[in-house]
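Novice: Fold the following for me, if possible:
(2 chains)
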Protein chains: 2
Amino acid sequence: MNAFTPTARSRAKRLHERASYDEAAVFAALDAAFIAHIGYVIDGQPYVTPTAYWRTGRQLYWHGSSASRMLRSQTGGVPVCVTVTQLDGLVLARSGFHHSLNYRSVMAFGTAHIVDDATEKARELDRFIDRLYPGRRATLRPNEAQELKATTLIGMEIEEAAVKVRSGGPKDDDADYALDCWAGVIPIRQVIGTPESDPLRRKDVAYPAGLGDYQAGATFDAVMLKVAKTIEA
Amino acid sequence: MNAFTPTARSRAKRLHERASYDEAAVFAALDAAFIAHIGYVIDGQPYVTPTAYWRTGRQLYWHGSSASRMLRSQTGGVPVCVTVTQLDGLVLARSGFHHSLNYRSVMAFGTAHIVDDATEKARELDRFIDRLYPGRRATLRPNEAQELKATTLIGMEIEEAAVKVRSGGPKDDDADYALDCWAGVIPIRQVIGTPESDPLRRKDVAYPAGLGDYQAGATFDAVMLKVAKTIEA
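Specialist: You can find the predicted model right below:
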C-alpha cells in the first residue's frame, strides 16, 4: 500500500487517530472535492486563496492567482499548503466541550511552480475539463493560442499529505448521558441543484447526456468522485 | 457605510469588480458560513487549517489548533489569513477558457493571539454555542473549569477584509454563442439532512424546538445567517 511519509510538517499533532497518510485515502478525498484553499507566504504574510484544482497522479494543478507574480520571480518554486475540506455534519453533544463536527480534510504540502511547458499545459487544461465534464470537450471550440498564453497554470507535486476524518455521533462524558438534552448529528451535504440553461443559449441544444450525473438532488462529492474515475489512467 | 480600508494585502489583484471591502458585506458572508481556512506560517512554511469559527463584531474566534504552540511562544501574536468560501455553482461556458465557478469568498487579515482572559474566554465559548444553537445552552451542563483550561481559544481582530462574489451565467466570446454546445450553471448548495438522534440518547428527549431551523432540506448558509442574527448585539 502506497503511503506518504509524514514528517513534522504533515504529521497530525492532535487527534492523530483520525489521520491517515495512505495514498489511496488521500487521493479519494482529493477526487471527491473541487475547491482547495491554497496557502502561501509573501514577505512573511500568509495568504489563503480558494481555487478549483485537479489531480494527475501525485500532481495537483490549479489556475494562476495572485501568487502568480511571486512565482514568476521564484523559479525554484515556493512552498505551499493545499487544504481541501468537506463539512459532513454538526455534532451536538451534552456539554459545550464535546460539541464537534464531522468532516473530511486533506492537507497536502509541496512546492508550487508555474507550468510553462506547452504540452503539459495544454494537456492539463484539457484534463481539467475532462475531469469535471465527461464528453464536454468535443462540444467546445479548441483553446486558442492566446488563451493558453493568458492562462497561468500552477502545478505542485504532493510531497507529503495527510487526510483526517471525523464521523459518527457525539462522545459524551458518562454522567452526561442522563441529562435532559438532545444529542446527535445534523448532517450537511453539498447537493446539486437543477441545471440552469444559459438564457442566451441556442434553443435546439439540449442538456448533454455526458453531464447526466449532474442532476438535481445528487450529492456533489459522489459525482466528483465518480467523474474523476472516468479519466483515471 | 463602514468599510475596511484595503492595502496591498487585501486589495483584489484580479477581477476587482467582484470585490467589496464593505463591512456589512464582509460580516454577512462570514455569518453565513461555519468553516474557515486559517493560514499561518511556521519557519517559512505555510499551513492551512480548516476550523469552525464565529464572529463578535470585528473579532473572529476559533479553537486552538496545531498553531497554538507557536502562538504560546509569540506573545505579540502572529499574522494570519482567514478565508471563508462558499461554492455556489459550476459555470459551463462554450470554450474551456471561459468556464468558471460561482462563489462567495471572504479573505480576512489580522494578528491571531491566544485569549487568556477568563471572562472573555467563557463568554466567547458560550457565544459559539449560542451562535449555532439557539436555546441549547440551557439544556447543557455548564462548562467545567478544567474544560475551559483544556480549551485554547484564539482570537483575531479583522484588520482588513475583502469579500469576492461571482454569480450568474457564463460570459462567452460573441462568436461562440452559435456553437452546438450547452452552456449554463449547475448550482451547488450546502443542504441540511435529517437530524440523527444519538442512539445512546434518553428516549424521552425530543428534538428541541430551538433547533427548528435545522431541518432536512434547509439551505445551510441561510440557517447560519438567520441564527447568527438571533444573538447580534
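Novice: buried set for the longest helix along chain A?
Specialist: Across chain A, the longest stretch assigned as helix under DSSP state H is helix A:118-132. Counting neighbours by 16 or more other Cβ atoms under 10 Å in any protein chain shown, one finds that the buried residues in helix A:118-132 are A:121, A:124-132. Placement of C-beta: from N, CA and C, glycine included.
Novice: Need those residues in CSV (columns: distance to chain B and pLDDT).
Specialist: Converted to CSV, the buried residues of helix A:118-132 look like this (distance: Cβ to the nearest Cβ, whole Å; pLDDT from 0 to 100):
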residue, distance to chain B, pLDDT
A:121, 12, 94
A:124, 11, 96
A:125, 6, 95
A:126, 7, 95
A:127, 11, 95
A:128, 8, 96
A:129, 5, 96
A:130, 10, 95
A:131, 12, 95
A:132, 7, 96
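Novice: Quickly check: the helix or strand following the longest helix of chain A near chain B or not.
Specialist: Helices and strands here follow DSSP states H and E; after helix A:118-132, the next one along the chain is helix A:145-150. Yes: against chain B, helix A:145-150 shows contacts by Cβ under 8 Å from any Cβ of the partner chain at A:147, A:150.
Novice: For helix A:145-150, name the packing helices and strands.
Specialist: Packing partners of helix A:145-150 (3 or more Cβ pairs under 8 Å, 6 or more residues apart in numbering or on different chains; DSSP states H and E): helix A:118-132.
Novice: who's in contact with the helix it packs on?
Specialist: Helix A:118-132 is contacted by residues A:34, A:52, A:54, A:56, A:61, A:115, A:136-137, A:140, A:143, A:148, A:151, A:153, A:155, A:227-228, A:230-231, B:90, B:96, B:99 when judged by Cβ atoms under 8 Å, 6 or more residues apart in numbering or on different chains.
Novice: Stretch A:159-166 now?
Specialist: With Cβ under 8 Å, 6+ apart as the test, stretch A:159-166 has contacts from A:4-7, A:9-12, A:15, A:18-22, A:25-26, A:29, A:91, A:100-111.
Novice: how much space between the closest residue in space to residue A:11 that isn't next to it in sequence and residue A:3?
Specialist: What sits nearest to residue A:11 in space, not counting adjacent residues and going by Cβ to Cβ, 6 or more residues apart in numbering or on different chains, is residue A:162, at 7.2 Å. Per Cβ to Cβ, to the nearest Å, residue A:162 is found 10 Å from residue A:3.
Novice: before we move on, what about residue A:46?
Specialist: In this view, residue A:46 and residue A:3 are 28 Å apart by Cβ to Cβ.
Novice: So the two - more neighbours on which side?
Specialist: residue A:46 (24 against 13; other Cβ atoms under 10 Å in any protein chain shown).
Novice: so what's the more buried one bridging to?
Specialist: The partner list for residue A:46 in beta bridges (DSSP bridges) reads residue A:41.
Novice: so it sits right up against residue B:41, yeah?
Specialist: Yes: between residue A:46 and residue B:41 there is a contact at 5.0 Å, judged by Cβ atoms under 8 Å.
Novice: Overlap in contacts, the two.
Specialist: Shared contacts of residue A:46 and residue B:41, defined by Cβ under 8 Å, 6+ apart, are found at residue B:79.
Novice: Could you count how many residues lie near the nearest residue to residue A:192 once chain neighbours are set aside?
Specialist: Ranked by Cβ to Cβ, 6+ apart and with sequence neighbours excluded, the top spatial neighbour of residue A:192 is residue A:218, at 4.6 Å. When counting by other Cβ under 10 Å, one arrives at 17 neighbours for residue A:218.
Novice: Might one say that residue A:218 is in contact with residue A:190?
Specialist: No: the pair residue A:218 / residue A:190 is not scored as a contact, 9.8 Å apart, by Cβ under 8 Å.
Novice: how distant is the helix or strand that residue A:71 is a member of from the center of its chain?
Specialist: Per DSSP H and E, residue A:71 falls inside helix A:68-73. How far helix A:68-73 lies from its chain's middle: 23 Å, per Cα atoms, centre = their mean, to the nearest Å.
Novice: now do stretch A:186-203
Specialist: Distance, centroid of stretch A:186-203 to centroid of chain: 20 Å (Cα atoms, centre = their mean).
Novice: Could you do stretch A:121-141 as well?
Specialist: 18 Å.
Novice: Outside of the helix or strand of chain A with the lowest mean pLDDT itself, list whatever touches it.
Specialist: One helix or strand of chain A scores below all others by mean pLDDT, DSSP states H and E: helix A:68-73, with a mean of 75. The contact list for helix A:68-73, computed with Cβ under 8 Å, 6+ apart, reads A:40, A:42, A:64, A:77-78, A:112-114, A:152, A:154, B:13.
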